[in-house]
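based on what follows, work out the 3D shape:
(chains A, B, C and D)
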Protein chains: 2
Amino acid sequence: MSLDGQLPPKMRLLRAAAELLAKSAGASISTRQITQLAGVTAPTLYHHFGDKEGLFDAVVAAGFEEYVAGERDFAPSGNPLVDIRRMWDNHVQFGLNQPELYLVMFGNIRPESRPAIVADAEALMEEMLNKAAVAGQLNVQPREAARSILAANVGVTLMLIAEPAAERNLELSTMTRDAMIFAVSSEQATGAVPEDSGKSSVVVAAIALNAALQASHSDQLSNSELKLFLEWLHRISTSST
Amino acid sequence: MSLDGQLPPKMRLLRAAAELLAKSAGASISTRQITQLAGVTAPTLYHHFGDKEGLFDAVVAAGFEEYVAGERDFAPSGNPLVDIRRMWDNHVQFGLNQPELYLVMFGNIRPESRPAIVADAEALMEEMLNKAAVAGQLNVQPREAARSILAANVGVTLMLIAEPAAERNLELSTMTRDAMIFAVSSEQATGAVPEDSGKSSVVVAAIALNAALQASHSDQLSNSELKLFLEWLHRISTSST
DNA sequence: CTATCACCTATAGCATTGCTATATGAACTG
DNA sequence: CAGTTCATATAGCAATGCTATAGGTGATAG
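Predicted structure coming up:
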């Protein structure tokens, strides 16, 4: 098991590191593992990358280029906001496809390299938001909007990565995505909290639901179900407690 | 330089680890550093914590209790959405005050411990959102809203931690915060959302009733009735439109 | 008071880690 | 050819996480 081929050792080291990084589920990997898989000895690594960190930075840089390529590789739809949605989804997908690499890029904080990468990702997002701003679709500075959206994007991706692949619910992503985009693209409230002092109780909520159900013909329940449902609602909403 | 005092070695180890973790700007710290600062030898560490990881888990657990305490220690304002804002701000502040600890808690992903912590933080947020749901202020399931808000909260905090303290602009936090809360709250004055505007009042009412029913065990329905009732409510409140 | 026993801590050392001082080969340049 | 530069290998160092073993301490039982 060695990545021999005729590739130059530098490439073999990069690939070996990337491969081990992808496989090792968060565990740390040793330079000896890397060099052995690359069919190379230690000094070669340090000659080319100076450092273990240097090698990982190179891996991250390569991964980032892949990320950027993904963020650019779709035809502009004409509507910047739609394109931003695609960028968001692509970001999430990249994180789920290469969780370990993503964690090194966005999860860890190595005071040197990370801000650079984040800044680049920000620039990418800002670039697209600029188009939206030109089209009069923004009500915030593109830079602020980009930072905000990217922050939420990273947070969602990290959360999705953290949970078992089986229970991953991408609705978390779309919901947060649309919330953020909506927030920067409409003339939304300034942050004042609506004063709603009336505390609803079970009864109030039941009455509201009762009225709403009868007003709109929801097709989530069959007719007989609906009848029984409404009867129960009535029982609840007329109870004194 | 040793944390002597009369504290038991276990405590001294915890404090030493926490102190070194806080000081070392992201760099890894050795067990020897810890034991030396604690005035203790290696086996003591492994006797009490089994592992370096174990010690760090203990530090994180302590930090998490502090976090939870901060999230609870304010008088409820009466308006759940206001309280959620405070939770958000408190979260960010915690991250900025103890960046290294925060990174271990929310930034790193150690497949074992992290999901547990995130789940607890989610529960905390969901608890508060339940009150909002009862008050009819939510148009999404409290759990989904909690996950979404927490994800954005983590993303923002990570981004703020990553940038130099000098240029930190907390407006990123408030802007994202209000965007998220606005998105999940039912008081959306405008229906200007591109695709699906605010949920119908049926859904809002159903969510409110659902939360209220689960909070207060009404005895208006039998157990079997209640079960079916809740199932229908769930169907209604999760219907897409 | 002694003996026992569980608990806690220390001495010393192992295997693995990241890394390097030095040497050897290859390849180009004059 | 000689010289210089680049690239890789041999061998080994200091630091790391961790442990096998033994010593010390206090409480409890006889």
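
walk me through the domains of chain A.
Residue ranges for the domains of chain A, per automatic domain parsing: A:9-50, A:60-185, A:202-237.

which of these sits most buried?
domain A:60-185 (a mean of 19; mean count of other C-beta atoms under 10 Å in any protein chain shown). In this view, the C-beta of every residue, glycine as well, is placed from N, C-alpha and C.

low-confidence ranges in chain A?
Low-confidence segments of chain A (pLDDT under 70): A:1-6, A:75, A:109-115, A:186-227, A:230, A:233-241.

flag every residue of it that's near DNA strand D.
Residues of chain A lying close to DNA strand D by C-beta under 7 Å from any atom of the strand are A:8-10, A:39-44, A:47-48.

mind putting the residues you listed into TSV with secondary structure?
TSV is the format used below for these (DSSP: H, G, I helix; E, B strand; the rest coil):
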residue	secondary structure
A:8	coil
A:9	helix
A:10	helix
A:39	coil
A:40	coil
A:41	coil
A:42	helix
A:43	helix
A:44	helix
A:47	helix
A:48	helix
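
what is the nearest of those to residue B:24?
Of all the residues of chain A next to DNA strand D, residue A:42 has the smallest distance to residue B:24: 26.3 Å, by C-beta to C-beta.

stretch A:144-154 and chain B, are they touching?
Yes: interface with chain B: stretch A:144-154 contributes A:144, A:147-148, A:150-154 (C-beta under 8 Å from any C-beta of the partner chain).

chain center to that stretch: distance?
Relative to its chain's centre, stretch A:144-154 lies at 10 Å (C-alpha atoms, centre = their mean, to the nearest Å).

in what helix or strand does residue A:229 lie?
helix A:223-237 (DSSP states H and E).

swap in residue A:27?
Assessed by DSSP H and E, residue A:27 sits outside every helix and strand.

ok, the spatially most central residue of chain A - contacts?
For chain A, the residue nearest the mean C-alpha position is residue A:157 (3.3 Å; C-alpha atoms, centre = their mean). Taking C-beta atoms under 8 Å, 6 or more residues apart in numbering or on different chains, we find residue A:157 in contact with A:91-92, A:95-96, A:102, A:106, A:173.

would JSON lines of the residues you listed with secondary structure be doable?
Below are the contacts of residue A:157 laid out as JSON lines (three-state DSSP):
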{"residue": "A:91", "secondary structure": "helix"}
{"residue": "A:92", "secondary structure": "helix"}
{"residue": "A:95", "secondary structure": "helix"}
{"residue": "A:96", "secondary structure": "helix"}
{"residue": "A:102", "secondary structure": "helix"}
{"residue": "A:106", "secondary structure": "helix"}
{"residue": "A:173", "secondary structure": "helix"}
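
just those that are near chain B?
Intersecting these with the contacts of chain B gives residue A:106 (criterion: C-beta under 8 Å from any C-beta).

so what touches stretch A:123-137?
Defining contact as C-beta under 8 Å, 6+ apart, one finds that stretch A:123-137 is touched by A:68, A:71-72, A:80-81, A:83-84, A:87, A:138, A:142-143, A:145-146, A:149-150, A:184-185.

gap between that stretch and the chain center?
Between the mean C-alpha location of stretch A:123-137 and the chain-wide mean there is a distance of 19 Å, by C-alpha atoms, centre = their mean.

next one: stretch A:83-95
7 Å.

for stretch A:157-177, same thing?
Centroid separation for stretch A:157-177 versus its chain: 8 Å, with C-alpha atoms, centre = their mean.

same deal with stretch A:153-165?
7 Å.

by proximity to chain B, which residue of chain A wins?
residue A:155 (2.4 Å; C-beta to the nearest C-beta).

what parts of chain A come near DNA strand C?
Residues of chain A lying close to DNA strand C by C-beta under 7 Å from any atom of the strand are A:28-33, A:42-43, A:46, A:51-53.

what is the nearest of those to DNA strand D?
DNA strand D lies nearest to residue A:43 out of the residues of chain A next to DNA strand C, by C-beta to the nearest atom of the strand, at 3.4 Å.

residues contacting stretch A:43-56, please?
With contact meaning C-beta under 8 Å, 6+ apart, stretch A:43-56 is reached by A:9-10, A:13-14, A:17, A:21, A:31, A:34-35, A:57-58, A:104, A:110.

stretch A:25-35 now?
By C-beta under 8 Å, 6+ apart, the surrounding residues in contact with stretch A:25-35 are A:13, A:16-17, A:20-21, A:41-42, A:44-45, A:52, A:55, A:100, A:103, B:109-111.

ditto for stretch A:72-91
By C-beta under 8 Å, 6+ apart, stretch A:72-91 touches A:67, A:70-71, A:121, A:124-125, A:128-129, A:131-132, A:135, A:137, A:149, A:153-154, A:157, A:173, A:177-178, A:181, A:185, B:194.

which residue ranges form the helices in chain A?
A:9-23, A:31-38, A:42-49, A:52-72, A:80-97, A:99-102, A:113-134, A:142-162, A:171-185, A:202-215, A:223-237 (DSSP state H).

okay, those helices in JSON lines with distance to residue B:161 next?
Formatted as JSON lines, the helices of chain A follow (distance: least, C-beta to C-beta, whole Å):
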{"stretch": "helix A:9-23", "distance to residue B:161": "23"}
{"stretch": "helix A:31-38", "distance to residue B:161": "29"}
{"stretch": "helix A:42-49", "distance to residue B:161": "27"}
{"stretch": "helix A:52-72", "distance to residue B:161": "19"}
{"stretch": "helix A:80-97", "distance to residue B:161": "19"}
{"stretch": "helix A:99-102", "distance to residue B:161": "17"}
{"stretch": "helix A:113-134", "distance to residue B:161": "10"}
{"stretch": "helix A:142-162", "distance to residue B:161": "11"}
{"stretch": "helix A:171-185", "distance to residue B:161": "20"}
{"stretch": "helix A:202-215", "distance to residue B:161": "40"}
{"stretch": "helix A:223-237", "distance to residue B:161": "47"}
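
now do the end-to-end distance for stretch A:95-105.
10 Å (C-alpha to C-alpha, to the nearest Å).

and it, how far out from the chain middle?
Taking mean C-alpha positions (C-alpha atoms, centre = their mean), stretch A:95-105 and its chain are 11 Å apart.

next, give me the two most distant ones among the residues of chain A next to DNA strand C.
Largest separation among those by C-beta to C-beta: A:28 and A:43, giving 21.3 Å.
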